[in-house]
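S.K.: need a structure here:
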Amino acid sequence: MKKLLWGLGISSLMLVVLAFLLGRYAFPNLMLPLPVPEVSEGQRGELGIDKNINEATVDAYLGRSDAVYRDLRMLEDPGNYEAIGGDSKLSGFVRGFEVVPLPYLVNVSGLPEAVGSTYTGPTLFHQHSDGSFTANYEESMAILEGLFPKDKVIFLMCGGGGYSGMLKNMLVALGWDASKIYNTGGYWYYDGENNVSVKRELADGSVEYDFWKVPVHQINFGELTEK
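M.R.: Numbering: from 1, shown residues only. Okay, the predicted model is just below:
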């Protein structure tokens, strides 16, 4: 009997070790501890881009079961982002990120002058000059909590980092935990292994955008109840 119990104990221990090794090597990103959000220095810091988890390192943190990944760009932004070295159309995204356009969530302000005007249609929230926010629809908060769950770590990305900084400030002002939100910077500067290209150049030199590749969350404002 003692030999049997000993054998069962050894077998159980081996199963635990095997499970750990499988988790460690098959899903390495799930095992990485998350650093506390820390703002970068200089101009990137002014945008709120994180010092530790950003375009250069985000690949190591993809695929986590405790996180959601949100890209805040529009598929086609009215702003002239080419004027600052970016793209007005979503030319690609990092695998695992889902698109939730910031201009549909809140009115955008403080853009570089060269960009000009961006989207001016309906938004879930309105930001006032004092930094406070008002919901424009009865369903606004429920939609925001559904897109950005409070019980998850939230990784944000956009074109250059500005939209992500704006949204993090908004979420924190509305009650989200700042320590669980990372502004990972801008796709325009991403050079990792998980790029999904949307922009496609044709043989005749013209360009097409395969927006069908993009996992995007649409907001049907016509179905919402105005406050």
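S.K.: now do the strands in the chain.
M.R.: 67-71, 92-94, 98-99, 125-127, 133-135, 153-158, 181-186, 195-197, 199-201, 207-209 (DSSP state E).
S.K.: who's in contact with the last one?
M.R.: Residues from elsewhere that reach strand 207-209, judged by Cβ atoms under 8 Å, 6 or more residues apart in numbering: 75, 89-91, 198-202. Just so you know, the C-beta spots here come from the backbone N, C-alpha and C atoms, and that holds for glycine as well.
S.K.: show the buried residues in the residues you listed.
M.R.: Those of these that meet the buried threshold are 89-91, 198, by 16 or more other Cβ atoms under 10 Å.
S.K.: now the residues you listed as JSON lines including distance to Gly160 and pLDDT?
M.R.: Below are the buried ones among the contacts of strand 207-209 laid out as JSON lines (distance: Cβ to Cβ, whole Å; pLDDT from 0 to 100):
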{"residue": "Lys89", "distance to Gly160": "15", "pLDDT": "95"}
{"residue": "Leu90", "distance to Gly160": "13", "pLDDT": "97"}
{"residue": "Ser91", "distance to Gly160": "13", "pLDDT": "96"}
{"residue": "Val198", "distance to Gly160": "17", "pLDDT": "97"}
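S.K.: report the two of those separated the most.
M.R.: Pairwise distances across the buried ones among the contacts of strand 207-209 (Cβ to Cβ) peak at 8.1 Å, for the pair Lys89 and Val198.
S.K.: mind saving the C-alpha coords of stretch 85-102 as CSV?
M.R.: Taking C-alpha atoms only, stretch 85-102 is exported to CSV below (Å, rounded to 0.1, in the frame of the first residue of the first chain):
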residue,chain,number,x,y,z
GLY,A,85,3.8,61.0,-41.0
GLY,A,86,0.9,58.6,-40.3
ASP,A,87,-2.0,57.1,-42.1
SER,A,88,-5.6,58.4,-42.2
LYS,A,89,-6.7,54.9,-43.2
LEU,A,90,-6.0,51.9,-41.0
SER,A,91,-3.2,50.3,-43.0
GLY,A,92,-2.6,47.4,-40.6
PHE,A,93,-2.9,46.3,-36.9
VAL,A,94,-1.2,44.1,-34.4
ARG,A,95,-2.7,40.6,-34.3
GLY,A,96,-5.0,40.2,-31.3
PHE,A,97,-6.1,43.8,-31.2
GLU,A,98,-9.7,44.7,-31.9
VAL,A,99,-10.7,48.1,-33.3
VAL,A,100,-12.9,50.4,-31.2
PRO,A,101,-12.6,53.9,-32.8
LEU,A,102,-12.0,56.6,-30.1
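S.K.: how near is Gly79 to Ala56?
M.R.: Using Cβ to Cβ, to the nearest Å, Gly79 is found at 26 Å from Ala56.
S.K.: so what's the residue lying closest to Phe133 once chain neighbours are set aside up against?
M.R.: In this structure, Phe133 finds its nearest non-sequential neighbour in Phe125, 4.9 Å apart by Cβ to Cβ, 6 or more residues apart in numbering. Contact analysis of Phe125 by Cβ under 8 Å, 6+ apart lists 105-107, 133-136, 140, 144, 170.
S.K.: can you get me a residue count around the closest residue to Lys180 other than its chain neighbours?
M.R.: Closest residue to Lys180 apart from its sequence neighbours, by Cβ to Cβ, 6+ apart: Val153 at 5.1 Å. As a burial measure, Val153 scores 19 neighbours (other Cβ atoms under 10 Å).
S.K.: quick one, what contacts Val153?
M.R.: Going by Cβ under 8 Å, 6+ apart, Val153 touches 34, 64, 66-68, 180-182.
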